[in-house]
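> Quick one, what's the 3D model for this:
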Amino acid sequence: MSHARIEAKTREIRGRKTVALRTQGQVPAVMYGFETEPKNLVLDRNAFTKVYGQAGESTVVDLEIDGTKHSVLISEIQRDPLTDFITHADFRRVDPKRKIEAKIPLKLVGMAPAVKELGGTLLQTLEEVEVMSLPDALVHEIEVDVTGLVTFDDVIRVKDVVVPEGIEVKSDLEQAVASVQPPRSEEELAALDAAVDGDISKVEVLTEKKEEVAAEGADAAATPDKKEAKK
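Got it, this is the predicted structure:
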């Protein structure tokens, strides 16, 4: 089975000095896991971002370090909150012959009749499932068909999700994955509007009181103290 491939080099720079690497378009990283000591690495940010988009955190990647290939999962990434650039990556080395635990994202597909015909809102209450399998059996995501959600009482649960061969689901089978919420009635919408109007009026009253208190304080400050006046 072919995997996405990324090249890396051993990294000697650590700590705050890695800032210079990031400004040069590189990503500091670390590899740990099966039969390996933690190894500090550095890789090209653009190349890694592309591979991460393909593999995510649930499919095996071929990581080449100074010419030596390792089977890894991208365990975790960190991003810059302003630029959204990836600033650090963790690789988990795996044994292709041993089963591992992992999490696979769930993707809802199709059109639910309860949405199209009844005007409901589709809700996804579970984003990923915990699984166990050989590394090569892992997939980027698992699609969940929602066309079976015909009424507002229908619920898709983990046990209803069709998983690829070789993957064993470890999540609670009764856990809800998706359902359709009925549209709000006119009475409910009116009640919500009334609650919002009520909250606004309270804010206005509090604001007026604060302004009155502030005005009184200003007047008091402007009026000389009686004792001082006697002097």
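
> Show me the domain layout of the chain.
4-97, 101-181, 188-218 (automatic domain parsing).

> quick one: low-confidence ranges for the protein?
1, 186, 188-189, 196-231 (pLDDT under 70).

> which residues sit in contact with Glu57?
73-77, 102-103 (CB atoms under 8 Å, 6 or more residues apart in numbering). In this view, the C-beta of every residue, glycine as well, is placed from N, C-alpha and C.

> Starting from the longest strand anywhere in the chain, tell me which strands it pairs with and how they run.
Identified as the longest strand of the chain according to DSSP state E is strand 68-79. The pairing partners recorded for strand 68-79 under DSSP bridges are strand 61-65 (antiparallel), strand 86-93 (antiparallel).

> distance between stretch 42-52 and the chain's centre?
20 Å (CA atoms, centre = their mean, to the nearest Å).

> Next, count neighbours for the closest residue to Lys103 other than its chain neighbours.
Spatial nearest neighbour of Lys103, chain neighbours left out: Glu128 (4.7 Å); criterion: CB to CB, 6 or more residues apart in numbering. Using other CB atoms under 10 Å, Glu128 has 15 neighbouring residues.

> Likewise for the one 4 residues further on?
Other residues within reach of Met132 by the criterion other CB under 10 Å amount to 14.

> mind listing what Val150 touches?
112-114.

> Mind doing that once more with 7 Å?
113-114 (CB atoms under 7 Å, 6 or more residues apart in numbering).

> for this structure, what spans make up the strands?
Going by DSSP E, the chain shows strands at 4-10, 26-33, 36-44, 61-65, 68-79, 86-93, 100-109, 121-124, 128-133, 142-145, 155-157, 168-169, 176-181.

> in its sheet, what does the second one sit against?
Looking at strand 26-33 with DSSP bridges, its partner strands are strand 36-44 (antiparallel), strand 86-93 (parallel).

> List the buried residues for the shortest one?
This means strand 86-93. 86-87, 89-93 (16 or more other CB atoms under 10 Å).

> Would you mind putting the residues you listed into a markdown table with distance to Ile167 alongside?
What follows is the buried residues of strand 86-93, written out as a markdown table (distance: CB to CB, whole Å):
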| residue | distance to Ile167 |
| --- | --- |
| Ile86 | 27 |
| Thr87 | 32 |
| Ala89 | 25 |
| Asp90 | 23 |
| Phe91 | 22 |
| Arg92 | 18 |
| Arg93 | 21 |
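
> What is the burial count for the residue lying closest to Gly119 once chain neighbours are set aside?
Excluding its sequence neighbours, the residue lying closest to Gly119 (CB to CB, 6+ apart) is Pro183, at 4.7 Å. Per other CB under 10 Å, the neighbour tally for Pro183 reads 13.

> any idea how far Pro183 lies from Ala191?
Applying CB to CB, to the nearest Å, the value for Pro183 to Ala191 is 15 Å.

> now swap in Pro164 and tell me
46 Å.

> can you check Leu108 too?
Distance from Leu108 to Ala191, by CB to CB: 30 Å.

> Spit out the contact partners of the residue sitting nearest the centre point of the chain.
Centroid-nearest residue in the chain: Glu127, 8.9 Å away (criterion: CA atoms, centre = their mean). Contacts for Glu127 (CB under 7 Å, 6+ apart) come out as 105-106.

> Let me see the contact set for Val129.
Counted by CB under 7 Å, 6+ apart, Val129 has contacts 103-104, 106, 142, 158, 161, 169, 171.
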